[in-house]
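>>> build me a model from this:
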Amino acid sequence: MDLIFVCRDALMNSAIANIGLALEAKKAGMDAGVLFTEEALYAIAGESFRWSPLFQGRDIRAKISKNATATGIEVGNQKDSRWTDLSRLLDLARGKGVHLLACPLWVQILDLKERIPSQLVLMEREVFFKELKGAKVIGGF
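Alright, predicted model coming up:
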């Protein structure tokens, strides 16, 4: 992998940014991925994402969802693009060849092995570190 984005916080805007940037890197010919860890991993395994304080208003959330979807970062719900649908974005990213990874350490710490969504890959630690060897890590959007 050339580039890995680390999504740590359970913020919807962070997930959109990390997956969106990985999609853009893929378009630019890079082998890119997103590593979900800590609270982002917990949220993606069935809990809920929240928005940053400045993005908590309904109008700005609808604007983000609609505009991101219009730019090809398909996070808008298909029935109503004012609402986000992270599963749709995960499906898109995986279909475009973006690696979506579950952090093996935090899967174990949070006991999430049975709750990881099908779009994410959970690797054994040895394989995980071999795959990431040489990748540039971009953290914390």
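>>> from here on, contacts and neighbour counts on C-alpha atoms
Noted.
>>> lowest average confidence, helix or strand, in this protein?
Ranked by mean pLDDT, DSSP states H and E, the weakest helix or strand in the chain is strand 136-139, scoring a mean of 86.
>>> which neighbouring elements make contact with it?
Judged by 3 or more CA pairs under 8 Å, 6 or more residues apart in numbering; DSSP states H and E, strand 136-139 is in contact with strand 3-7.
>>> quick one: contacts of the least confident helix or strand of the chain?
Outside strand 136-139, the residues that touch it by CA atoms under 8 Å, 6 or more residues apart in numbering are 2-7.
>>> let me see the contact set for the nearest residue to residue 92 once chain neighbours are set aside.
Spatial nearest neighbour of residue 92, chain neighbours left out: residue 74 (7.1 Å); criterion: CA to CA, 6 or more residues apart in numbering. Shown in contact with residue 74 (CA under 8 Å, 6+ apart): 68, 88-89, 92.
>>> top of those by neighbour count?
Using other CA atoms under 10 Å as the neighbour criterion, residue 89 leads the contacts of residue 74 with 22 neighbours.
>>> tell me who's in contact with that residue.
Neighbours of residue 89 in contact, by CA under 8 Å, 6+ apart: 19, 73-75.
>>> and stretch 121-134, how far out from the chain's middle?
Computed by CA atoms, centre = their mean, to the nearest Å, the chain-centroid distance of stretch 121-134 equals 17 Å.
>>> quick one: end-to-end length of that stretch, please.
19 Å (CA to CA, to the nearest Å).
>>> about what we covered before: report pLDDT for the residue nearest to residue 92.
Looking at residue 74, its pLDDT is 88.
>>> next one: residue 131
85.
>>> check contacts around it.
Contacts of residue 131 by CA under 8 Å, 6+ apart are residue 1.
>>> got any ranges where this protein has weak pLDDT?
141 (pLDDT under 70).
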